[in-house]
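# what follows is a protein structure lacking sequence information:
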């Protein structure tokens, strides 16, 4: 089985769209991650769920976790309000890791190795000619297929 | 809201149990990760989905991704058979990162910061007295709650 046989439609967000809406999309559909595209629909960043969550965690808490403990419960409950009024592009990580994309002829083992290496449970499948997105493969979907073999 | 208010029952696997069954549990219930416990039910390792998948990817492919490309499609389809006959303990990563566990009085921001730092979308909540597991919190569940606030 090859990537093109497994790729299915997956929601994407443009980098200029609302970060809050992107978080709602992730949570509302229980997605394992988000595909961020440019205006032409080409993936520019693919974020795992924890990377999306990271966009909502203030930098000083990321740098010094002990600080999270001194912020009171009421303020902690609404930390995600930090996303309001921001675009996805404004909150993307500064250092981007390997983009988890494959061509249609990638094997299941190649896809699994890429997910393991990038720690991203979501891979986009691109058409090798046009570079357009054929769809995506999630870790759960991949495991379901290989465990059925 | 605190960790103890959010913790819900979550399936766990003992470190001596079958790695194949652990993968089937993850895939069958669409879990974001696995909680591995000792015989007393205390979490010893918590793996994200990509870390579970990594247990099934041969080391030589992890070290040299180009090798995955030369393995033929039929062999790639069954890479997960590598898990057969192995226990979870036999395939755990050699270097373990921070264990994503919190006490019952951790705030939502502390949990989010821990998920972001450990890149694990799953956190176990422990009773501070006994050390026993009160339950677990997934990234999706956390986001659903904070986005509703």
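Now that the structure is in, tell me what you want to look at. Not measured: the values here are computed from a predicted model.

# let me know the secondary structure of the residue positioned nearest the centre of chain A.
Centroid-nearest residue in chain A, with C-alpha atoms, centre = their mean: residue A:47, separated by 2.5 Å. Per DSSP: H, G, I helix; E, B strand; the rest coil, the secondary structure class of residue A:47 is strand.

# surely it and residue A:34 touch.
Yes - contact criterion C-beta atoms under 8 Å: residue A:47 and residue A:34 qualify, at 4.8 Å. For glycine as for every other residue, the C-beta is placed from the backbone atoms N, C-alpha and C.

# show me the shaky parts of chain A.
Nowhere does chain A drop to pLDDT under 70.

# what segments of it are strands?
A:12-14, A:33-37, A:43-48, A:101-103, A:122-126, A:133-138 (DSSP state E).

# most packed of these?
Highest mean neighbour count of these: strand A:122-126, a mean of 24 (counted as mean count of other C-beta atoms under 10 Å in any protein chain shown).

# strand partners of that strand, parallel vs antiparallel please.
strand A:101-103 (parallel), strand A:133-138 (antiparallel) (DSSP bridges).

# out of those strands, which is closest to residue B:128?
strand A:133-138 (35.6 Å; C-beta to C-beta).

# next one: the closest one to chain centre, how far?
Remark: strand A:133-138 is offset 12 Å from the chain centroid, using C-alpha atoms, centre = their mean, to the nearest Å.

# what comes into contact with that strand?
Residues outside strand A:133-138 that contact it (C-beta atoms under 8 Å, 6 or more residues apart in numbering or on different chains): A:3-4, A:6-10, A:12, A:32, A:35, A:37, A:41-43, A:104, A:111, A:121-127.

# same check, this time on stretch A:25-43
A:10-16, A:22, A:44-49, A:51-52, A:88, A:92, A:99, A:101, A:120-122, A:124, A:126, A:131-133, A:136, A:138-140, B:30, B:32, B:49, B:121, B:140, B:143-144, B:147.

# and for stretch A:61-75?
Identification of contacts with stretch A:61-75 by C-beta under 8 Å, 6+ apart yields A:54, A:60, A:76, B:1-2, B:107, B:109-110, B:113-114, B:116-117.

# just the buried ones from those residues?
Buried members of the contacts of stretch A:61-75, scored by 16 or more other C-beta atoms under 10 Å in any protein chain shown, are A:54, A:76, B:1-2, B:107, B:109-110, B:113-114, B:116-117.

# now, which of the contacts of stretch A:61-75 lie within helices?
Among the contacts of stretch A:61-75, the ones falling in helices (DSSP state H) are A:54, A:60, A:76, B:109-110, B:113-114, B:116-117.

# for residue A:96, give its distance to residue A:102.
Distance, residue A:96 to residue A:102, by C-beta to C-beta, to the nearest Å: 17 Å.

# check residue A:42 too.
Using C-beta to C-beta, residue A:42 is found at 14 Å from residue A:102.

# fine by me, we can end here.
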